[in-house]
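# Structure for this input, please:
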Amino acid sequence: MMENRGILSIIFDLDNTLIDTAGAGQVAIQKVCELLKSTPVQESHITNICELFLQKLLHETFDPAEGRTIDEVRIRHWSEALHENLGTDPDPALASSCYYTWKNTRLQALTLSPDIRSLLEELQKNYKLLLLTNGDSQTQWEKIEAVRCKGLFSAVVVGGDHPEQKPGLSIFAHCFESQGIQPQDCIMVGDSLSTDIQGGINAGVKATVWINSDGKSLPQGSVTPDYTLASVLHLTDVLAQLT
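Numbers count the residues shown, from 1 in each chain. I've put the predicted structure just below:
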């Protein structure tokens, strides 16, 4: 039987685990609402237009092989949202303005809080830290650059750069192999039950830690994380139990 080693590595998700992407998104949508109020678009349509964009974003499928950039895909989301609400073809410049206002505001609002940065700097002294984030390559690398967090991790792995994203096994295997570690040496920390927790369980990590900032209850039939925390800032409590 293998000796029971302690945790060597912590794999972190990015969005809504280390950075408040949802909160930044709300700030960005507010900014687009303000922009639309200064155009001929009727105020009664503005909320619906923004809601429709968010729906399209949520259900987005992006394949770089189709030859369009993520920027072009998301400008089209705004164009369709405007068209579906106004019933006329929108000015292409307006869809573009909505998109870049949303994108740039969101990036500016994203931040790695001083507390979380300090936590990662502290953890870095004793553990190999990995960042494993789903999403298209351009969008995720822009966020990573915006919050200046790359130096805190031994490796940064973006789903869009690989054949398979979380919860796929191959992207976890890539993390283990690239760092010379075993699944049992790691814990997985993230806010998504379907990608982070399910992915960690499938990959055989030592423990999964669900970041549940909204205090949601586990959905029926969902995977069960080993630990649940309201904030990643409480992670040291879990680590103390695992060593």
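# Run through the helices of the chain in chain order.
Taking DSSP state H as the criterion, the chain carries its helices at 21-37, 43-58, 70-86, 92-109, 114-124, 137-147, 169-179, 198-203, 235-242.
# got TSV for these, with distance to residue 189 and mean pLDDT too?
(C-beta placed from N, C-alpha, C; glycine too.) Formatted as TSV, those follow (distance: least, C-beta to C-beta, whole Å; pLDDT from 0 to 100):
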stretch	distance to residue 189	mean pLDDT
helix 21-37	15	97
helix 43-58	23	96
helix 70-86	26	96
helix 92-109	23	97
helix 114-124	10	98
helix 137-147	17	98
helix 169-179	13	97
helix 198-203	9	98
helix 235-242	7	94
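# Make CSV from those helices and add distance to residue 220 and mean neighbour count to it.
Converted to CSV, those look like this (distance: least, C-beta to C-beta, whole Å; neighbours: other C-beta atoms under 10 Å):
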stretch, distance to residue 220, mean neighbour count
helix 21-37, 23, 17
helix 43-58, 21, 15
helix 70-86, 31, 19
helix 92-109, 32, 18
helix 114-124, 31, 15
helix 137-147, 31, 18
helix 169-179, 25, 17
helix 198-203, 15, 22
helix 235-242, 25, 13
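# which one of the ones you listed lies closest to residue 185?
helix 169-179 (8.2 Å; C-beta to C-beta).
# then the closest one to PDB, C-alphas only?
What follows is helix 169-179 as a C-alpha-only set of coordinates in PDB (Å, rounded to 0.1, in the frame of the first residue of the first chain):
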ATOM      1  CA  LEU A 169     -10.200  13.700 -17.900                       C
ATOM      2  CA  SER A 170      -7.500  14.600 -20.400                       C
ATOM      3  CA  ILE A 171      -7.100  18.200 -19.300                       C
ATOM      4  CA  PHE A 172      -6.600  17.000 -15.700                       C
ATOM      5  CA  ALA A 173      -4.100  14.400 -16.900                       C
ATOM      6  CA  HIS A 174      -2.200  17.100 -18.600                       C
ATOM      7  CA  CYS A 175      -2.000  19.100 -15.300                       C
ATOM      8  CA  PHE A 176      -0.700  16.100 -13.400                       C
ATOM      9  CA  GLU A 177       1.800  15.000 -16.100                       C
ATOM     10  CA  SER A 178       3.200  18.500 -16.700                       C
ATOM     11  CA  GLN A 179       3.800  19.000 -13.000                       C
END
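# distance between it and the chain's centre?
19 Å (C-alpha atoms, centre = their mean, to the nearest Å).
# Can you report phi and psi for residue 18?
phi -100, psi -30 (degrees, to the nearest 10).
# what's the spacing between it and residue 232?
Residue 18 sits 6 Å away from residue 232, going by C-beta to C-beta, to the nearest Å.
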